[in-house]
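Chemist: model this:
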Amino acid sequence: MKDNTEHIEDLIGKLIVGEASDSETRDLREWCALSSENQKYLDDALYIYEKSQLPESPDFDIESAWIRVKSQIGKKKGQSRFLLPSWRIAAGLTLLFAVSFLFYRQWSKP
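Modeler: All right, here's what the predicted structure looks like:
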């Protein structure tokens, strides 16, 4: 029975992708005629395959998307880049003076 199931699965796969020969299609139709469950199994497989297909063309406009991206590339950000390095410099100098002061006080004690 397992070999028959695998054989039927192969036939269904070939039928779905359009590679089944006339004799294989006939065998599959005969298998479907044996019971309504077999026909339902084939119908479900065809339905799943149909619903899992991607559309042929994308649903978005590539050109308009590229125009929007290109316009964003050239824009400058609202935040000034000069302000950020000055904070780093100020913090670094403050830290340097604090450490120097602590060393000076430590070494200047008798």
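Chemist: quick check: which element contains the most centrally placed residue in the chain?
Modeler: Nearest to the geometric centre of the chain sits residue 54, at 14.5 Å (C-alpha atoms, centre = their mean). Remark: residue 54 resides in no helix or strand, with elements defined by DSSP states H and E.
Chemist: same check, this time on residue 32
Modeler: helix 22-34.
Chemist: can you give me the strands for this protein?
Modeler: Assigned strands in the chain: none (criterion: DSSP state E).
Chemist: could you list the low-confidence segments of it?
Modeler: Applying pLDDT under 70 to the chain flags the ranges 1-3, 57-58, 75-84, 110.
Chemist: at which residues are the helices of it located?
Modeler: 2-17, 22-34, 36-52, 62-74, 83-107 (DSSP state H).
Chemist: reformat these as CSV; add mean neighbour count.
Modeler: C-beta coordinates here come from the backbone N, C-alpha and C atoms, glycine included. CSV is the format used below for the helices of the chain (neighbours: other C-beta atoms under 10 Å):
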stretch, mean neighbour count
helix 2-17, 13
helix 22-34, 13
helix 36-52, 12
helix 62-74, 9
helix 83-107, 10
